[in-house]
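Asks: no FASTA, just this:
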């Protein structure tokens, strides 16, 4: 940041506070808003923009599912295992339900599980990581050993166990993914806090009498947001994929929920004679996860141009 | 730089005692030690001083002499471990700060003792507007609402001479120049009318032209809110221009304490003398050679025996390497020096020191 004010011909004894020349100089040196800069860099990444567009479309589809879908998710027609046609764009499944309508409604399930599970793991991970990184000492030891323990638990086994206790369903999936997804974010946040808490503005905040919570969440957290945003975006995709896997294994959403993973599972038996039952929900999973991945990558490059 | 010797203004005893009831802060025998793997680093080793309301008390010394650590110890801002603070007392308005719990300290920090940090580029949080940061203290300590706090921030920014404060209040730190940011830092520190402003090298990161303006702001604010300033600096020019009393520190210990005229005019410690001789003076003819202090400050892990300055001192004798000199009154009511031979320095000034050096040079 250039100090243009210093270039003004003001003698050391002049000391004229706030001369007009200085005011103009500082105005010129004002940088462009950060947000516009990030958006400009993000836009350059075509894949990321494509991902963003896809995600926006997906959200619209989820919101207006009842308008878009021509049939309800349980409505049975007399056509079984039919290929795509003008009437049924994605064909019908083995009990005659319209696959297109189910894939459309499935967007709701996937987005709900993906976003809520990620939110849950972000909350746990940010709180844990912030406490570990800022407070240190015994708190840090306990939290970090806890992440080690959780790392050693396969999420599928936890899912089976929780599904047995809580019963199958989307909410169980959210809890399972939330409880297993916070480890990485916890470590990211901890390391950010470790380095940020030594900065002078944190010391300055302490010196004005700010309390610990205020320092942690008002002064440090906003500066640690970039990796959290990037990781959170990619994590939504991962959670959607994990939800599909759990549903496929039969410990996720319960039929007749139109979860994409469940639809792939149901279509598995008809792979030879009706492969479209796999293609469409499978393709939806694939594209959605890819979109979140691309967008996350683009965000990372846009937010931190040094990380390439 | 103004030369203080041209306008002698000797403080009388009456002046001194008149100030006595205005004592804000009394530090007595402060020791701050950092426990490291290599051993104990005694960053501050037995420092005592008083700061009175209305005065500018300056702490001078090289990097690593313990100036900042002294300030941080007073405010309880050092992480412990590794820092370990011991003192006979750090009395703030009669209350021992070292005995205060974290809640009380939090109240004192900012509301009663505020600190202005060295580097305005790193001491402001990049994600918040300057208005929010300036007003934060008022929100914490006075419970001001969002609107009232913003109004206060505008007022404070105006007070420190930021043009168009109502417009700049919602700008972020990166939209300000260095000097303007330092003013924001000052605005932050004075928001709650603190009784003591600790300024830790407030102008080191600034251009010389901006330095003068910032210092002027500091002095004006001090008078407006009737506070005291503890000015930590290594810039003797700033000290001569601003300070009322000066503490010279060397290797974590006190070297000399006195009024600014005593320190500059009747120097009684070879280290202070060395600092003065290494600076150009307005009354120099241009013939004089600037005289650096030879050698390096000692490692705080491995302090030389006796006077810590003796390996670099041109006047060192045998006693200096054996016995730690007491910090004793030399002349004037409050002029103290930690030199065994302080009295002999009565006739030694910068000129004599420089002259002596040229004699030694050929050898």
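Replies: That came in fine, so what should we check first? From a predicted model like this one, the values you see are computed outputs, not experimental measurements.
Asks: just the buried positions in stretch A:258-278, please.
Replies: Going by neighbour count (16 or more other CB atoms under 10 Å in any protein chain shown), the buried part of stretch A:258-278 is A:258-267, A:270, A:274, A:276-278. Where C-beta positions appear, they are placed from N, C-alpha and C, glycine not excepted.
Asks: distance from it to the middle of the chain?
Replies: 27 Å (CA atoms, centre = their mean, to the nearest Å).
Asks: what number of residues lie near residue 223?
Replies: All of this refers to chain A. Residue A:223 has 18 neighbouring residues, counting by other CB atoms under 10 Å in any protein chain shown.
Asks: oops, I was thinking of chain B
Replies: Neighbours of residue B:223 using other CB under 10 Å come to 9.
Asks: confirm that it sits in a strand.
Replies: No. With DSSP: H, G, I helix; E, B strand; the rest coil as the criterion, residue B:223 is located in helix rather than a strand.
Asks: distance of it from residue B:216?
Replies: Plainly put, residue B:223 is 11 Å away from residue B:216 if you go by CB to CB, to the nearest Å.
Asks: repeat for residue B:105
Replies: Distance from residue B:105 to residue B:216, by CB to CB: 31 Å.
Asks: now residue A:264
Replies: 74 Å.
Asks: go on, residue B:306?
Replies: Applying CB to CB to residue B:306 and residue B:216 gives a distance of 42 Å.
Asks: ditto for residue B:134
Replies: 19 Å.
Asks: name the residue in those two with the higher neighbour count.
Replies: Just comparing residue B:134 and residue B:216: by other CB under 10 Å the higher neighbour count belongs to residue B:134, 32 against 18.
Asks: helix or strand: which one has the nearest residue to the more buried one once chain neighbours are set aside?
Replies: Spatial nearest neighbour of residue B:134, excluding adjacent residues (CB to CB, 6 or more residues apart in numbering or on different chains): residue B:153 at 4.2 Å. Using DSSP states H and E, the element containing residue B:153 is helix B:146-159.
Asks: what residues does the helix or strand that that helix is followed by touch?
Replies: Scanning forward in sequence from helix B:146-159 by DSSP H and E, the next helix or strand is helix B:165-168. Residues outside helix B:165-168 that contact it (CB atoms under 8 Å, 6 or more residues apart in numbering or on different chains): B:130, B:153-158, B:162, B:176.
Asks: mind listing what's buried in helix B:165-168?
Replies: B:165, B:168.
Asks: re earlier: for the residue nearest to residue B:134, grab the count of nearby residues.
Replies: Neighbours of residue B:153 under the rule other CB under 10 Å: 31.
Asks: again, but for the one 3 residues further on
Replies: Taking other CB under 10 Å as the criterion, the count of residues near residue B:156 is 28.
Asks: check which helix or strand covers the nearest residue to residue A:144 once chain neighbours are set aside.
Replies: Of all residues not flanking residue A:144 in the chain, residue A:132 sits nearest, at 6.0 Å (CB to CB, 6+ apart). For residue A:132, the host element (DSSP H and E) is helix A:99-135.
Asks: what about the helices in the stretch 101-250 of chain A?
Replies: Assigned by DSSP state H, counting those that start in this stretch, the stretch 101-250 of chain A shows helices spanning A:137-151, A:155-166, A:170-196, A:200-207, A:212-214, A:225-248.
Asks: now render the ones you listed as CSV, adding mean neighbour count, mean pLDDT and distance to residue B:119.
Replies: Converted to CSV, the helices of the stretch 101-250 of chain A look like this (neighbours: other CB atoms under 10 Å in any protein chain shown; pLDDT from 0 to 100; distance: least, CB to CB, whole Å):
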stretch, mean neighbour count, mean pLDDT, distance to residue B:119
helix A:137-151, 13, 91, 28
helix A:155-166, 15, 83, 46
helix A:170-196, 21, 90, 16
helix A:200-207, 23, 86, 6
helix A:212-214, 14, 88, 22
helix A:225-248, 23, 90, 23
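Asks: using a markdown table, lay out the ones you listed together with distance to residue B:139.
Replies: Shown next, in a markdown table, are the helices of the stretch 101-250 of chain A (distance: least, CB to CB, whole Å):
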| stretch | distance to residue B:139 |
| --- | --- |
| helix A:137-151 | 27 |
| helix A:155-166 | 43 |
| helix A:170-196 | 22 |
| helix A:200-207 | 12 |
| helix A:212-214 | 10 |
| helix A:225-248 | 22 |
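Asks: picking that back up, list the helices and strands the helix holding residue A:132 packs on?
Replies: helix A:46-63, helix A:65-68, helix A:137-151, helix A:170-196, helix A:225-248, helix A:260-267, helix A:276-303 (3 or more CB pairs under 8 Å, 6 or more residues apart in numbering or on different chains; DSSP states H and E).
Asks: and residue A:100, which of the ones you listed is closest to it?
Replies: When those are compared by CB to CB, helix A:276-303 sits nearest residue A:100, at 7.5 Å.
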